[in-house]
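A.B. asks: sequence unknown, structure follows:
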């Protein structure tokens with residue numbers, strides 16, 4: 001077989017780069033976030049307001065709930081909201097989360113793919129390339145999709161301390177659908193997405209993209225307990 005020209009090698013590299021750019025390299029979470037403000041609230045969340053995060057009394061796994069509470073405290077502080085005691089907080093933050101029942105879907109994928117890489121090429125000892133475009137027959141498989149969600153609710157501190165009942169000042173919903181049922185991992189992305197819109201009225205569900213190597217997610221997963 002004849003040795004490929006340098007122009008051919010460059011074309012293969014360019015195609016590979018474009019394919020990686022279009023398809024994305026590494027995990028990427030697409031999360032729907034909805035933020036609600038109460039227009040009748042006496043005040044909205046002010047910069048620098050103090051918070052106390054309430055325990056999730058309904059959590060089936062109290063250890064996971066405590067872990068999530070610690071991460072919320074961390075995110076509050078990183079967004080300029082000091083965490084204080086119950087008696088001094090301007091606001092209380094309640095949180096809940098959950099995992100829906102799996103939904104089985106059909107996934108159609110090629111039986112085999114090309115790829116881009118270096119190797120012993122066809123007896124001439126140079127670089128060998130193959131474009132990452134699928135060829136051949138297609139196969140159907142089954143996969144489970146899970147609905148993962150997180151709800152944050154902020155209420156005024158003084159009113160809640162007085163009556164234990166207070167209208168929410170802000171509610172943030174974050175929702176994601178995917179194949180992972182590991183809430184401990186997925187909640188890191190839901191938390192970061194919800195805090196991207198913290199205190200805001202989004203007016204509609206917006207899509208927040210969180211990459212696997214996002215610094216905020218890295219901080220949550222590598223912080224000391």
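C.D. replies: Perfect, thanks for sending it. Keep in mind the model is a prediction, meaning the values are calculated, not measured.

A.B. asks: host element of the spatially most central residue of the chain?
C.D. replies: When Cα atoms, centre = their mean is applied to the chain, the residue found nearest the centroid is residue 189 (2.6 Å). When elements are assigned from DSSP states H and E, residue 189 belongs to helix 183-196.

A.B. asks: the residue nearest to the centre of the chain touches residue 178, doesn't it?
C.D. replies: No. Using Cβ atoms under 8 Å, residue 189 and residue 178 do not qualify as a contacting pair, with a distance of 9.6 Å. Every residue, glycine included, has its C-beta placed from N, CA and C.

A.B. asks: quick check: neighbours shared by these two?
C.D. replies: Counting by Cβ atoms under 8 Å, 6 or more residues apart in numbering, the residues touching both residue 189 and residue 178 are residue 29.

A.B. asks: and residue 199, what element?
C.D. replies: Assigning secondary structure by DSSP H and E places residue 199 outside every helix and strand.

A.B. asks: that one: neighbour count?
C.D. replies: By other Cβ atoms under 10 Å, the residues close to residue 199 number 19.

A.B. asks: my read: it touches residue 47, true?
C.D. replies: No. With contacts counted by Cβ under 8 Å, residue 199 stays clear of residue 47, the gap being 9.1 Å.

A.B. asks: packing partners for the longest strand along the chain?
C.D. replies: In the chain, taking DSSP state E as the definition, the longest strand is strand 135-156. Applying 3 or more Cβ pairs under 8 Å, 6 or more residues apart in numbering; DSSP states H and E, one finds that strand 135-156 contacts strand 91-99, strand 103-112, strand 168-178, helix 183-196.

A.B. asks: next one: the closest residue to residue 214 other than its chain neighbours, what pLDDT does it get?
C.D. replies: Nearest-residue entry for residue 214: residue 192, 6.4 Å, with adjacent residues in sequence omitted and distances by Cβ to Cβ, 6 or more residues apart in numbering. As summarised for this prediction, residue 192 has a pLDDT of 97.

A.B. asks: residue 144 now?
C.D. replies: Predicted confidence (pLDDT) at residue 144: the value is 86.
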